[in-house]
Structure formats: structure tokens, C-alpha cells
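A.B. asks: Sharing a model prediction with you, sequence too.
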Amino acid sequence: MKVLIKNVNIVNEGKVFESDIMIENDLISKITAGISEDADQIIDGSGKYLLPGVIDDQVHFREPGLTHKGDIESESRAAIAGGITSFIDQPNTVPNAVTQELLADKYEIASQKAYANYGFMMGGTNDNLEEVLKTNPRNVPGIKLFLGSSTGNMLVDNPETLENIFSNTKMLIAVHCEDEATIRANTQKYMDEYGDDIPVKFHHLIRSEEACYKSSSKAIELAKKTGARLHVFHLSTAKEMELFRNDIPLQDKKITAEVCVHHLTFTNEDYETRGGLIKWNPAVKTQKDKDALWEALLDDRIDVIATDHAPHTAEEKNNLYTKCPSGAPLVQHSLVVMLENYKNGKISLEKIVEKMAHNPAILFKVEKRGFIREGYKADLVLVDLNEKWTVSKDNLLYKCGWSPLEGMNFHSKVTHTFVNGHLVYDNGTIAEGKFGERLLFEARD
């Protein structure tokens, strides 16, 4: 199968240039102007922009065990509609993916159900070091540790265990950093005053700057001590930005940083209108924090933009504060949120591509993806930067049926998505074949 995209603006490796591109089977075979050979399908890309498919390094697709909220099939469909061609799913499913057998079960499900390429993190606990060390770095992206409360038995708070994991694996260790004792004390303080019905506007004071900084600074200290390869998920505070550096290239960094689209979009002021729908862990914080995250993203202290896509039912999200779970669905909209920031002059197209495609590929050493290069997998997204639309219930693909972005207007749209050379999304139509493949990773030194 050959697909030719003509006269398209390619955004790749710091440049925007007009070209043709030929896809043959699952690979990009040619990138040059004026390709004249025959193709099975020709797409006119005039005026549109072609980006490498987004690699989202942090999602919770809820399968197995929590599939009333979302599943690999439903959420990966939403992902390809949003231009995400590869995702890395987290281990706090039910049961938690904390043995090699349970991890293999998730991969088996994805092999039948995933519309996008997939990787699954191995979960660490206080007592599964032996299992963690059996993980194959060739086909598993890394080890995930929750240093703040999580589903099931996944809080890792034993210092000896942490040091053992950090000291004994060469694999990337990804961490959720919030200090449990601080959060518990803060929660109790507000419960003493309000009971279960704590106003959600206090969420960022309960899951506070102190809770985040205390945990992330400790994880970084341990990584420096042991030489571990550490990736800190979903940063949310200005104070934490001092922990990261931008004076060396990404491939030489041992400690890397991620920000999520919601922390770049909302602040604590938005709790008033959106309530529990924008309750995340870590919490969205102040305008000062948001500004500092943007600054660190643009000066390369922050390496990656992700979603932390975490659907819950509308009924669950409408509970009282202490019963309202944290998290929201975002994979269908993360790219258009960032393109809106481009339209508003906050970030360049090249920088969006760097943070959402190139850098996740470099950071996780994803094999032959994340760039528009000849010989690479044809994971591509075509966008129209001049199409206005509004997020509403009738255009959502999430199984949970709601979005924290409902009512927001966007001025860019994903028109086509290719996964492994297959046109899987075409102006609202999703191809029924599931063409996602298991992600592979190059060896770490």
C-alpha cells in the first residue's frame, strides 16, 4: 500500500518546510518535493501541516478492572482522533500491573484492542523488587513508582525499597511525586472544618506546593546518589522548576521532566466554574505556577508534554470532594490545546512537535518513531490550522462521555492520523482495523 501526501507543510526537527511525502506499507519511504510516482491514495496537503504522531508518555486507559470508566479500545480511538499515535499506560489498573504475568496480560489485551501503538509501565511496590528486576527493557518503557497515594498497593514509601529499585535497574524510573504525610495532614485540617464537603477550591492547598516539592526533591536527590535514570511526571509548581536543568542536551540528561496540558491550561481560579471536573493529582495550582511551567517548558527545563489521561464517570466526578476521584480525559484534545497556544503566540509549532513527539521518543529511546524521517514508522498527523470548532458532548469519543474542556473553542483540527502507515482517522471517520503495535525501546547504557 502506497499513500502520497502532496504539497504539505512538514513540521520536523526544528524546521517547517513544504514537501511531498510517500508512505509505503508501514514506513515513510520518501520525503522530497515533486514526487511523481504512482500511489494507491493521494492526499492533497496544501495549506495543512504534517506532524509526527504524538507520543503520550502517561495515560490511564483503565483496562483491566476499571473498564466502566474507559478501556484500551475506547480511549485509543479517542487518542488517534486527537493525533496521538503511541501511548504509554500506567500500572494502577485492577489488578495493579506489578508482576510480569499481570503486565503480560495488559499487552495481550492491547494486541487485540489498540488503535494506537502501546507500551505499559511495570509498577513498583514496597515488596516486588524481584519482579521489577525481571522487566525486559527492550519492550517495556520503564518502571512506575507512586510516591504519593494511589490505587491498591502502589504507594512506595519504604526508603530502603526505593533505594534498592533506584540502585538496581538501568531502566527509566518514572515517578508521581507528592508527599503522603503532608497531604494527609492538610486533608485532615480541611475535613475538621468542612467534613467530606470540602470546597474543591482548596484542592491545591491540600495537595500543596510543599507536598510536591518535598517529594520530587527527595526523588531527585536519590537519583543523583544512585545514578538512576529518573523521569518526573506531571510537574505542577514554580518551586519544582529549580530542580531541573537545560544546559545539556536531552539525550545526556539523567533526570527529566514532564508537564501535562491541564497544568498549562487551568489554574485554581477555574475551580469556581469547573469544580471537580478539573480535580487532578497533582492539583492545578496558581497563575504564578502556571506561568513558571510555561517558562520552564519553553527554556527546556521541562522536556515533555503529556496528558495523564484518567477518565472517571460523570457520576463519580460529581461526588463530594473526598469521594470525587482525581483525573480527567484529555487524549482527544491535548494536541489541539497546544495548537491553540500556538495560535495565541505562546509556543511555536516546532516546539510543540519537539515536546510531544521528538522528546518522548528520545527520552524513552522509542525505536523508529517520533520523527518524520525516511525509514521510520509512518505515524503521522495532518492538521488544519484554520478550522474553528467547539468541544461538546456530541463530538467526544471518551467512554466516560464528558470532558473538562466542554464549551471551549478551538481554531485547529486534526484531519488525518496515520498509525504504521494505515490511515486510521480521516475527517471524523475511524478505520475499523486496529493497527497499533507494541512499542520497542533501544538499550540504555
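C.D. replies: Done, it's in.

A.B. asks: Kindly format the C-alpha coordinates of stretch 8-17 as PDB.
C.D. replies: In PDB, the C-alpha atoms belonging to stretch 8-17 read as follows (Å, rounded to 0.1, in the frame of the first residue of the first chain):
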ATOM      1  CA  VAL A   8       2.200  19.700   2.700                       C
ATOM      2  CA  ASN A   9       4.000  21.800   5.300                       C
ATOM      3  CA  ILE A  10       6.100  19.300   7.300                       C
ATOM      4  CA  VAL A  11       7.000  20.300  10.900                       C
ATOM      5  CA  ASN A  12      10.000  18.200  12.000                       C
ATOM      6  CA  GLU A  13      13.300  18.600  13.800                       C
ATOM      7  CA  GLY A  14      13.100  22.400  14.300                       C
ATOM      8  CA  LYS A  15      12.000  23.200  10.700                       C
ATOM      9  CA  VAL A  16       8.800  23.800   8.800                       C
ATOM     10  CA  PHE A  17       9.100  23.200   5.000                       C
END
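
A.B. asks: buried sites along that stretch?
C.D. replies: By 16 or more other Cβ atoms under 10 Å, the buried positions in stretch 8-17 come out as 8, 9, 10, 11, 12. No exception for glycine: its C-beta is placed from N, CA and C like everyone else's.

A.B. asks: show me the contacts for the first one.
C.D. replies: Residues touching residue 8, when contacts are defined by Cβ atoms under 8 Å, 6 or more residues apart in numbering, comprise 18, 19, 20, 21, 45, 46, 48, 49, 50, 382.

A.B. asks: Leaving out sequence neighbours, find the closest residue to the first one.
C.D. replies: Right, residue 18. Excluding the flanking residues, the one nearest residue 18 by Cβ to Cβ, 6 or more residues apart in numbering is residue 9, at 5.6 Å.

A.B. asks: and that neighbour, that's in a strand?
C.D. replies: Yes - counting by DSSP: H, G, I helix; E, B strand; the rest coil, one finds residue 9 located in a strand.

A.B. asks: and it, how far is that from residue 57?
C.D. replies: To residue 57, residue 9 is 26 Å away according to Cβ to Cβ, to the nearest Å.

A.B. asks: rewinding a little: and the buried residues of stretch 8-17, which is closest to residue 282?
C.D. replies: Relative to residue 282, the closest of the buried residues of stretch 8-17 is residue 11; by Cβ to Cβ it sits at 30.3 Å.

A.B. asks: so who does the closest one touch?
C.D. replies: 49, 50, 51, 349, 350, 352, 353.

A.B. asks: Does it have any beta-bridge partners, and if so which?
C.D. replies: residue 16 (DSSP bridges).

A.B. asks: Give me the buried positions along stretch 233-252.
C.D. replies: Using 16+ other Cβ under 10 Å as the test for burial, stretch 233-252 gives 233, 234, 235, 236, 237, 238, 239, 240, 241, 243, 244.

A.B. asks: part of a strand, is the fifth one?
C.D. replies: No - assessed with three-state DSSP, residue 237 is coil; it does not lie in a strand.

A.B. asks: pLDDT score assigned to it?
C.D. replies: On pLDDT, residue 237 comes in at 98.

A.B. asks: Next up, phi/psi of the residue nearest to it when sequence neighbours are not counted, please.
C.D. replies: Spatially, and ignoring its direct neighbours in sequence, residue 237 is nearest to residue 209 (4.5 Å; Cβ to Cβ, 6+ apart). Taking degrees, to the nearest 10, you get phi -60, psi -40 for the backbone angles of residue 209.

A.B. asks: show me the contacts for residue 209.
C.D. replies: So residue 209 contacts 237, 238, 239, 285, 289 (Cβ under 8 Å, 6+ apart).

A.B. asks: now, among the residues you listed, which is nearest to residue 191?
C.D. replies: The shortest approach to residue 191 among these belongs to residue 285, at 20.9 Å (Cβ to Cβ).

A.B. asks: Distance of the residue nearest to residue 237 relative to residue 120?
C.D. replies: 31 Å.

A.B. asks: Kindly report the same for residue 32.
C.D. replies: Applying Cβ to Cβ, the value for residue 32 to residue 120 is 37 Å.

A.B. asks: Looking at the two, which one has more neighbours?
C.D. replies: residue 120 (29 against 10; other Cβ atoms under 10 Å).

A.B. asks: doesn't residue 89 make contact with that one?
C.D. replies: Yes - the pair residue 120 / residue 89 is scored as a contact, 5.0 Å apart, by Cβ atoms under 8 Å.

A.B. asks: anything in contact with each of these two?
C.D. replies: Shared contacts of residue 120 and residue 89, defined by Cβ under 8 Å, 6+ apart, comprise 106, 110.

A.B. asks: quick one: which of the buried residues of stretch 8-17 is nearest residue 272?
C.D. replies: Among the buried residues of stretch 8-17, and counting by Cβ to Cβ, the member closest to residue 272 is residue 11, at 36.6 Å.

A.B. asks: Can you check the pLDDT for residue 90?
C.D. replies: pLDDT for residue 90: 97.

A.B. asks: looking at it, it is touching residue 145, isn't it?
C.D. replies: No - applying Cβ under 8 Å, one finds residue 90 not in contact with residue 145, separated by 10.8 Å.

A.B. asks: Can you check which residues contact both of those two?
C.D. replies: What both residue 90 and residue 145 touch, as defined by Cβ under 8 Å, 6+ apart, is the set residue 123.

A.B. asks: how about the strands in the stretch 251-400 of the chain?
C.D. replies: 255-260, 304-306, 380-384, 389-390 (DSSP state E, counting those that start in this stretch).

A.B. asks: could you say what helices and strands the next helix or strand after the last one packs with?
C.D. replies: If I follow you right, that is strand 389-390. Downstream of strand 389-390, the next assigned helix or strand under DSSP states H and E is strand 409-410. Contacts defined by 3 or more Cβ pairs under 8 Å, 6 or more residues apart in numbering; DSSP states H and E place strand 409-410 against helix 334-343, strand 389-390.

A.B. asks: export the ones you listed to TSV and tack on distance to residue 158?
C.D. replies: Shown next, in TSV, are the helices and strands packed on strand 409-410 (distance: least, Cβ to Cβ, whole Å):
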stretch	distance to residue 158
helix 334-343	34
strand 389-390	48
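
A.B. asks: so can I have TSV of those showing mean pLDDT?
C.D. replies: TSV is the format used below for the helices and strands packed on strand 409-410 (pLDDT from 0 to 100):
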stretch	mean pLDDT
helix 334-343	98
strand 389-390	98
